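K.L.:
Output the structure for:
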Amino acid sequence: MNTRSTRLESVDLLILRVAKAYADRKMCGRTGLDTQSARKERERVLRDAHTNIKIRYDRDFVDYFATLCWASDFTKEEFRTLTRALKERPHQVRITMMLALSAAG
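P.N.:
Predicted structure coming up:
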């Protein structure tokens, strides 16, 4: 695997981590839900985030994506990797995040 494909895979995994961390943090304060209700609520949280990304483009998407990242802890290198991807390929990050939200359920 070459360096470029390794870097892209790394960005993809970071984005998936953002999606999962976002859903986990949103669900954190929701107690008293049975398993079925918790699953449905998690799906709703992820679907809402997916819809919010779907309607945003360019700078508006980048701003919204940053709000989703509050739930994630990044190393300095991961932070640099993700910000570089947002600057160089925001459309690709957007598409990958929509896929990640679908996979994070």
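K.L.:
what ranges do the helices span in the protein?
P.N.:
3-28, 35-54, 58-68, 76-88, 90-103 (DSSP state H).
K.L.:
Please identify the buried residues of stretch 60-79?
P.N.:
Phe61, Val62, Tyr64, Phe65, Leu68, Cys69, Ala71, Ser72, Glu78 (16 or more other C-beta atoms under 10 Å). (Glycine included, C-beta is placed from N, CA and C.)
K.L.:
again but with stretch 25-43, I slipped
P.N.:
Lys26, Arg42.
K.L.:
Wait, Leu82 touches Phe74, no?
P.N.:
Yes - counting by C-beta atoms under 8 Å, Leu82 touches Phe74, with 6.8 Å between them.
K.L.:
Name the residues contacting each of the two.
P.N.:
Residues within reach of Leu82 and of Phe74 at once, by C-beta atoms under 8 Å, 6 or more residues apart in numbering, are Leu14.
K.L.:
residue ranges with poor pLDDT in this protein?
P.N.:
Along the chain, segments meeting pLDDT under 70 span 1-8.
K.L.:
In space, not sequence, find me the middle residue of it.
P.N.:
The chain has Ala19 as the residue nearest its centroid, 3.2 Å off, counting by C-alpha atoms, centre = their mean.
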